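Engineer: no sequence on this one, just coordinates:
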């Protein structure tokens, strides 16, 4: 019984400390400033789809056309580049660095267009003997990079005044 009350006390104290300092878990971020937004991107862009899903989960209405009273997010470019990091003794690539670049513009009502760009990197070890598994791993890494890029754009929207 004594152990249980000590753990309960520690849990209560730590949760009070975390809430008092303003800490909150990342997840859906409230975007009260943007009840509606226009997203302009390639129709079949995977990043645009993920971004749209995250905006909807944050209760932001996606507009079908540009509205001068609502913000507009224009995805300019998302690209993937591979850079060789190391080679096997036989000359085949052993390790890549994946560089995912995103460039976008944000147009807020009665303001100038703001341009943003960032890149995310991951290391990827290749093995020609496991080509199918490595192809699946690469797909998962790309999906993770796109998810992180969409989350980063949402966080940036939340910071802009």
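Structural biologist: Done, it's in. Bear in mind the structure is a predicted one, so any value in this text is a computation, not a measurement.

Engineer: ranges for the strands of this protein?
Structural biologist: In the chain, the strands defined using DSSP state E lie at 36-40, 61-63, 72-87, 93-107, 114-125.

Engineer: the longest helix along the chain: how far from the chain's middle?
Structural biologist: Taking residue count as the measure and DSSP state H as the definition, the longest helix of the chain comes out as helix 131-159. On the basis of Cα atoms, centre = their mean, to the nearest Å, helix 131-159 is displaced by 7 Å from the centre of the chain it belongs to.

Engineer: give the buried residues for that helix.
Structural biologist: With burial defined by 16 or more other Cβ atoms under 10 Å, the residues of helix 131-159 counted as buried are 138, 141-142, 145-151, 153-154, 157. (C-beta placed from N, C-alpha, C; glycine too.)

Engineer: on that earlier part again, could I get the strands of the chain as TSV with mean pLDDT, mean neighbour count and distance to residue 47?
Structural biologist: Putting the strands of the chain into TSV (pLDDT from 0 to 100; neighbours: other Cβ atoms under 10 Å; distance: least, Cβ to Cβ, whole Å) gives the following:
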stretch	mean pLDDT	mean neighbour count	distance to residue 47
strand 36-40	91	17	10
strand 61-63	92	13	15
strand 72-87	91	14	5
strand 93-107	91	17	7
strand 114-125	93	13	11
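
Engineer: ok so, going back, the longest helix of the chain packs against which elements?
Structural biologist: Here helix 131-159 is seen to pack against helix 46-57, strand 72-87, strand 93-107, strand 114-125 when contacts are counted using 3 or more Cβ pairs under 8 Å, 6 or more residues apart in numbering; DSSP states H and E.

Engineer: at 7 Å instead, please
Structural biologist: Counting contacts by 3 or more Cβ pairs under 7 Å, 6 or more residues apart in numbering; DSSP states H and E, helix 131-159 is packed against helix 46-57, strand 93-107, strand 114-125.

Engineer: sheet-wise, list the partners of the second one with their directions.
Structural biologist: Translated: strand 93-107. According to DSSP bridges, strand 93-107 has the following sheet partners: strand 72-87 (antiparallel), strand 114-125 (antiparallel).

Engineer: excluding chain neighbours, give the residue nearest to residue 68 in space.
Structural biologist: residue 109 (6.5 Å; Cβ to Cβ, 6 or more residues apart in numbering).
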